Every structure is written in structure tokens, then in C-alpha cells.
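Visitor: have a look at this prediction, sequence included:
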Amino acid sequence: MKHELVKPDITVIGGGLAGVCAAISAARLGQQVALVQNRPVLGGNSSSEVRVWVCGATAHGINRYARETGIMGELFVENQYRNPEGNPYLWDLIILEAVRAESNIRLYLNTDVHEVEATGDGDGRMITSVTGWMMGSERKIRFESKIYLDCTGDGLVGFLAGAKFALGREARSEYGEEWAPEVADQITLGSTLLFYTKDTGAPVRYIPPSFAKDITQTSIPIRRVIRSGDSGCHYWWIEWGGEHDTVHDNELIRDELWAVIYGIWNYIKNSGKFDAEHMTLEWIGSLPGKREYRRFTGDYVLTQNDIISQREFPDAVAFGGWSIDLHPPEGMYAEASGSKHMHADGVYHVPFRSLYSVNVRNMLMAGRDISASHVAFGTTRVMATCAVIGEAAGTGAALCATMNVSPRELYARHLAVLQQTLLRQDASIIGVRSNDELDLARRARATASSTLTGIVLEQPGETYPLDTDAALLLPVHPMLSGLELLLDASSDTELTVELWDTGRKENYVPHTLQVTVTVNVTTGSAQWVKLPLEWRPEEPQNAFIIFRANTSISLHHSTEAHSGVLIFFKTEENHVSKNLEDHATDQPVVLWSMQGLARQPFCCRTLSLSDAYSANHTINGYHRPFGGPQQWMSQPMKSGTPEWVQLTWEDPQTLAEVHLTFNDDVNEDLVNLHHHHTTFRVMPELISDYQVEVLAQSGEWIEIVCVKENRRRKVIHSLDVPVHAQALRVTIEATHGTRYAELIEIRAYAEPTR
């Protein structure tokens, strides 16, 4: 046996997306990081070993402008470009390459940590080391660090260190949660195995193994959705073990799941009820994907009430948006639907106090083991949310190591530094504005070659019969004094239109009625009808404009998308099987759906000037939509005529690093293994070709950066030699499809930030 001692600044145990993002974020801040993973691949439940879709705040398109940025956003966009087919092995590779790109990370695969040394009592315990066994290499490795992150999912490291934790469901009285049971118990969400199928093009026989379960003797064919051709996460409901111990009974749970999968396939192949003659099993998982086990106790326990009320925390460091998604204890054998869902009106906030242990002073946690009640865990557990929590925890760990403080001390004394560091990395803290004192761009004046001053969508495509209510969301900055709408009318009629605000700036549902108008419409096709909607809100925000149902009217979809403009359709019925999922339709984000047509808004023209797309938005501290698009947008680009944004200072500045954030449309839902596909590999709004120039004291413009075929949202340009400049200009020559030049944020620094 080979014994080794490793002394990184930070040790991250667990190589799921939470651990990966934690390790990358800490490494980018200059810390030496050991990333320890007990499997041969990274990615946890998203890896090729388990193959769960990476879901997050978008909730499969239910929430708007909700896709994650930061490290998780980088992984999503890279996967969209390199892996449009959703190959799980290529997803493994994308994660591995992201880790290997960081020179400050040492990766230890196949290394199972099951020894932890800790000292101290009460609330003053400290981890002094963790030790792992590297399978296949006969290496016993001891890791000694200042800070440890438990990203194991099951929470083994913290448990062995003596960290306080919860397991199972709290009683309703503990946190006053509507969905908690009356009496506490040890029930958790169960585990799942998935399988893949394929069409071979020729007949395939299937003989089930002796242990395959006859599912016709269960409620599964009646209560669950079984279809030939479905595979992977379409069968998320093959779940069991919630009434068992999902760790200690892991083998029992796996065997039961295997028996059911082989039984389901026997039912599909041999019952005669499906067109499956040419279908075969291509892959079956052998590692149960666990949903829940220990949840550590932090200085704050996130609850159902925090999620649904979208409670604002002073120490917010991450966000989520998946519904509170709880499953029956019996799993696939339950008489009830496979899941029940409660949605907030938009995204919610995660506080830093939920990411460190209440009693182990040098331990943070990220992923499904954070400090949350069982009910709140029903939303925080999804992987893209775990990932952004991981980036926040890793950033916190790096600052703790640098400042030689505990996570609790970081919260108490350096919270602003933590939040501003996350924002500089393009991590999102919804509603928090950057005020980075080192960012020279905040002191500049922003101008542009041209600016879009109104919304004009005049290229009609298919029509939408207004049989049900539909809506359009657009920014109002500072006022709206009328809207024209392109429509067809089969007879003389009246159209009733309502303008609502959205309440909170991160929400995209109707909240308070502001204006109602009814206009006469004459018979005719492709006619522009003026809607005398007038609204001047106290501060810039979005308008949610509802067109009430009228069977005589059809609206025209636009053939092009437009940043800041969304479309909605009202539905009165649940769009999924009640036997599979239970979504209450009185929840606004479910009631108003985009139905996959977000990129096809209605043809319309605003009748007042707008500042919603001014160049000043590139330096206003926001880097994602919040009460408006929060970006610069040019007039439609003309061939051969570039567009630009310029920052000008009163006095010359020394520039060593320039940060650019381009628009990658965070409304577009991306999923690693492709619950759905986009028609493009690169977001059309992203800038492809651009230059960065500086105005020297001599009055000459000097090119310092020239980029072709960019496909990233956040780009950092570090200059080999700092330059002195009176002004900085970003010149955009080409996009990946849109007619507009778009830029979200410019930052400039006198010294490197990494």
C-alpha cells in the first residue's frame, strides 16, 4: 500500500456538479484545490453512469430568464455547441475538460473518502484531515487543508466530522410548512435507475431474466406512463426506497429497480401493446441515482415558506427556480401521481448561511446536503441549482482560505466581498447590483454607435387564433404611450387588452392590473391596430400585456426573436399526465406558459421612445434581466457597418484586464442530455466577431483585442502589458444570427482579477 500526504488550500470531496463548480471557482481565485471523487467520472447523477438531466431554475421553461450563468452556464453553453445530440459520454468529457483547464486543481478520481479526523467540541469542531482510498491504485491519500467542502450528496464527510444534520421529514410544526407531515419521520425521496433503448432496424427478441418483475401484477401500468421509444429521464418515476435507508439499503434498492426495469421492458416487448419489434435495450444503469439523504444544519435552514415567498436574504449568493417537487414514499408503486409540484411566482434566493456547518467551523457544503428542510430540499436538490450553490460555496471557501477566516466570520465581516466576487465571476445573485470599487468601467461614461429606442417586430410568420388568452411581455423604460398589434379579424369585433405589472422585477407573471382598453376591430387581414395603452411606472419595469380571448381574431407571430420581449399563452388544464405529475394550475407560472414559442413573439410596434436598451446598461451593475433586459442593443446592423459601445473617462486610466459579457439569452432552456433540442448550436444573440480598442493619449485608437468566432457569454481579456487609455471601445462586426449587436456588461481593471 502506498501512503501519500497532500496539503492543498482547499479539499472538495464529491465530484458531482456541485463539487466541480466549487473546485473550479476556488481554483480560479488562486487557491490550490484537491477535488476528490469516488467514481471514475465526474458529474454525479448527470454523468454517463446515471444519466439524469441537469435541470435548474428554468424548470423546463416554466420560469423565464432563469437559466444559470457562471460556471454552470459555461458548461451548458459548451455542451450545446459540442454535444447537440446529448451524448452522455461527451457530457462527461466536457466536465472533465473544464476541471483539467484549471491548473490549480489536482483531481483524484476513484478515491473514496471514509476516514475523517476532527478536533474540538460543541460548535467549535474543526476537520484536520480526510483520508481516501484510491481504488485500482492501492493508494491511501491523506488530505490536510484549511477548508473542506462536503459535496458528497450523502454527507458522509460531515457526518464523520460530527456535523449536525437532519434526515427525513420534519413535522409541520417545526417550520410551519404546509407540505410537511403532521409528525416527523425518516422518509426520504427514493432512488432511480434509468435505461436507454434504440431501434436496430431489424426484429429483436427479448427474453427477460428470472428476476424480472411482472409489472402487470402492480399498479405501474395503470398509474405510470409507459411508451415504446422513451428512455432515460422519461422514466424518472422508476423510483423506490423512500421508506428504506437510501444509503444502507442501496443494494436492496438497486435490485428492486433492476427487477422493475427488466419487467417494464418485458411488458413493452412482449405484451403486444407496443410497436417495439425492432427495439432493444442499449444501456441500463447500475448505480442508483439518489435523491436524498443527510441535510446538514447551517446557521440558517431554508424552508418552504422562503421558497414560495421568494424571501430576499441579505446574504443571498445563489438562486433556484425548480418547483418544490416531492414524491410519494412508495415511489413507483404509489397510487398517487409520481410527483407533486408547488411553484413560486419566479426564482428564489439561497443564503450563504445555508452553505456552512453550524458546528464544524471549517466545513462548507454544496449540493443536495445543504441546510434546508425536507420540503425546501424538494427544489434545491436539482443539479443546476446544486451547481450554482457549489460555485458560491467554492468562492466562499477561497475567500476564507485567503483571509484566514471561518465561513461564519466571512458572512459576518466580508459578505459584500463574497457577493461582489461572485458577480465578477458572472455568477448570478438575482437583484443584486455590482458595485465593484475596482471596476473602472463604473466611473466611465457610456456611448454607442446606435441604440434601439423602440420595439419593432414587423416580419410576420404563422398566425395564432386568439381562442384563449395570450400575452406579450416587454420593457417599459420610462413609459409606454401606445402599442400597435398586427392581427386578422374574420368579422367586426372588439378586442380587450389589459396591461399588468409583474410585481417583483425577477417575476414574469401578471401581478397588478394597471390599464384596460377595448378597441374596435374591423374585418380584415394583416392590419395594424393601435392599442391606446399608456403607462408610466415609478421605475423601469416590464409590462405584461394580456390579449383577452376572441375567436374572431388571430395574431401574427414574428419570425424573429427580440431580446426583452416574451410571449405567453394561458392554459386552464394541466399539460402533463395527472398520473405522472401533479402541477396545480392556479399557480401563475403554470397558468401562463410559453409553450415552446418564446422565440416567436407577436408582431407589434411600440409608439414611444424607450431607454431599455441604452449603452448605460453595460455599466449599471446588472448582468442579467431584472425588471427589463439590462443590456445595450443596437439598431439593426447593416452589412459592412460595425456597431460599437464606448467608455470614456475624464482622466486616463491604466487597463490590465477587460471583461465582456455578451447576451446568451438566459431565457433559452438548455439541458445537458437534451430534454429538448435548440435549432442552433450557438445562441443567435451571441457576438461572433469583435475588437477592443483603446484611445491613447496621442489621440490614436489602438487595437488591443481581436476575436473571431466567439461563442462564449463571459470573456476575460488579460493584457500582457497594461495600457493607458482615455477611452475604451468594443466594436462588433458579426453575431451568430440576430440582426442586432448586443452587449450586457463591460468591466475594466487596472490589475488582473484572477
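Guide: Cool, got the structure. Numbers count the residues shown, from 1 in each chain.

Visitor: okay, domains of this structure per the record?
Guide: 2-170+292-424, 191-290, 440-450+614-749, 456-606 (automatic domain parsing).

Visitor: deepest of those domains, which one?
Guide: Highest mean neighbour count among the domains of the chain (mean count of other C-beta atoms under 10 Å): domain 2-170+292-424, with a mean of 22. To be clear about C-beta, it is placed using only N, CA and C from the backbone, and glycine gets the same treatment.

Visitor: straight-line length of that domain, end to end?
Guide: 42 Å (C-alpha to C-alpha, to the nearest Å).

Visitor: then stretch 433-451?
Guide: End-to-end distance (C-alpha to C-alpha), stretch 433-451: 23 Å.

Visitor: do the same with stretch 497-506
Guide: 23 Å.

Visitor: tell me the spacing between the closest residue to P540 other than its chain neighbours and M594.
Guide: Closest residue to P540 apart from its sequence neighbours, by C-beta to C-beta, 6 or more residues apart in numbering: H477 at 3.8 Å. Distance from H477 to M594, counting by C-beta to C-beta, to the nearest Å: 23 Å.

Visitor: what's stretch 119-130 in contact with?
Guide: 11, 13, 36, 113, 115-118, 142-144, 148, 157, 161-163, 358-363 (C-beta atoms under 8 Å, 6 or more residues apart in numbering).

Visitor: can I get it in PDB, CA atoms only?
Guide: What follows is stretch 119-130, C-alpha atoms only, in PDB (Å, rounded to 0.1, in the frame of the first residue of the first chain):
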ATOM      1  CA  THR A 119     -11.000  18.100  16.800                       C
ATOM      2  CA  GLY A 120     -12.900  20.300  19.300                       C
ATOM      3  CA  ASP A 121     -16.300  20.100  20.900                       C
ATOM      4  CA  GLY A 122     -19.700  21.700  20.500                       C
ATOM      5  CA  ASP A 123     -19.800  24.400  17.900                       C
ATOM      6  CA  GLY A 124     -16.100  24.600  17.600                       C
ATOM      7  CA  ARG A 125     -15.200  21.400  15.800                       C
ATOM      8  CA  MET A 126     -12.600  21.500  13.100                       C
ATOM      9  CA  ILE A 127     -11.700  19.000  10.400                       C
ATOM     10  CA  THR A 128      -8.000  18.300  10.400                       C
ATOM     11  CA  SER A 129      -7.800  15.700   7.600                       C
ATOM     12  CA  VAL A 130      -9.700  13.400   5.400                       C
END
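
Visitor: please pull out the lowest mean pLDDT helix or strand from this structure.
Guide: Within the chain, no helix or strand scores below strand 582-583, which has a mean of 72 by mean pLDDT, DSSP states H and E.

Visitor: in its sheet, what does that one sit against?
Guide: On the basis of DSSP bridges, the sheet neighbours of strand 582-583 come out as strand 340-342 (parallel).

Visitor: following the chain past the partner strand, name the next helix or strand.
Guide: From strand 340-342 onward toward the C-terminus, using DSSP states H and E, the following helix or strand is strand 348-351.

Visitor: chain center to the next helix or strand after that next one: distance?
Guide: Downstream of strand 348-351, the first helix or strand assigned by DSSP H and E is strand 363-365. Its chain's average C-alpha position is 22 Å from that of strand 363-365, according to C-alpha atoms, centre = their mean, to the nearest Å.

Visitor: that older thread, these two touch, right, the residue nearest to P540 and G628?
Guide: Yes - with contact defined as C-beta atoms under 8 Å, H477 counts as touching G628 (5.7 Å).

Visitor: quick one: common contacting residues for those two?
Guide: Among the neighbours of H477, those also in contact with G628 (C-beta under 8 Å, 6+ apart) are 540, 612.

Visitor: can you give me the helices in the stretch 1-150 of the chain?
Guide: 17-28, 70-82, 88-100 (DSSP state H, counting those that start in this stretch).

Visitor: swap in the stretch 451-600 of the chain?
Guide: Going by DSSP H, counting those that start in this stretch, the stretch 451-600 of the chain shows helices at 588-591.

Visitor: where do the strands of it begin and end?
Guide: 456-457, 460-465, 470-476, 480-489, 493-501, 512-521, 524-535, 541-547, 553-558, 566-570, 582-583, 592-593 (DSSP state E, counting those that start in this stretch).

Visitor: give the pairing partners of the second one; include direction for each.
Guide: Strand 460-465 has these partner strands in its sheet, going by DSSP bridges: strand 553-558 (antiparallel).

Visitor: for the strand it pairs with, C-alpha coordinates in PDB please.
Guide: Listed next in PDB are the C-alpha coordinates belonging to strand 553-558 (Å, rounded to 0.1, in the frame of the first residue of the first chain):
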ATOM      1  CA  ILE A 553     -59.200  37.400 -34.100                       C
ATOM      2  CA  SER A 554     -55.800  35.900 -35.000                       C
ATOM      3  CA  LEU A 555     -52.500  37.400 -34.000                       C
ATOM      4  CA  HIS A 556     -49.300  37.200 -36.200                       C
ATOM      5  CA  HIS A 557     -46.200  35.600 -34.800                       C
ATOM      6  CA  SER A 558     -42.900  37.300 -35.600                       C
END
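
Visitor: angle of that strand against strand 512-521?
Guide: 110 degrees (axes from the mean of the first three to the mean of the last three C-alpha atoms, to 10 degrees).

Visitor: distance to S434 added to the domains of the chain, as CSV?
Guide: Listed next are those as CSV, based on distance: least, C-beta to C-beta, whole Å:
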stretch, distance to S434
domain 2-170+292-424, 5
domain 191-290, 36
domain 440-450+614-749, 4
domain 456-606, 16
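
Visitor: closest one to P181 among these?
Guide: Nearest to P181 among those is domain 2-170+292-424 (5.5 Å), distances taken as C-beta to C-beta.

Visitor: chain center to the closest one: distance?
Guide: 14 Å.

Visitor: now stretch 519-537
Guide: The answer for stretch 519-537 is 37 Å, by C-alpha atoms, centre = their mean.

Visitor: how close does C706 sit to Q37?
Guide: Following C-beta to C-beta, the distance that separates C706 from Q37 is 39 Å.

Visitor: one step back: any chance of the strands of the stretch 451-600 of the chain in JSON lines, with distance to L281 too?
Guide: Converted to JSON lines, the strands of the stretch 451-600 of the chain look like this (distance: least, C-beta to C-beta, whole Å):
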{"stretch": "strand 456-457", "distance to L281": "48"}
{"stretch": "strand 460-465", "distance to L281": "40"}
{"stretch": "strand 470-476", "distance to L281": "43"}
{"stretch": "strand 480-489", "distance to L281": "50"}
{"stretch": "strand 493-501", "distance to L281": "50"}
{"stretch": "strand 512-521", "distance to L281": "54"}
{"stretch": "strand 524-535", "distance to L281": "52"}
{"stretch": "strand 541-547", "distance to L281": "47"}
{"stretch": "strand 553-558", "distance to L281": "41"}
{"stretch": "strand 566-570", "distance to L281": "38"}
{"stretch": "strand 582-583", "distance to L281": "30"}
{"stretch": "strand 592-593", "distance to L281": "34"}
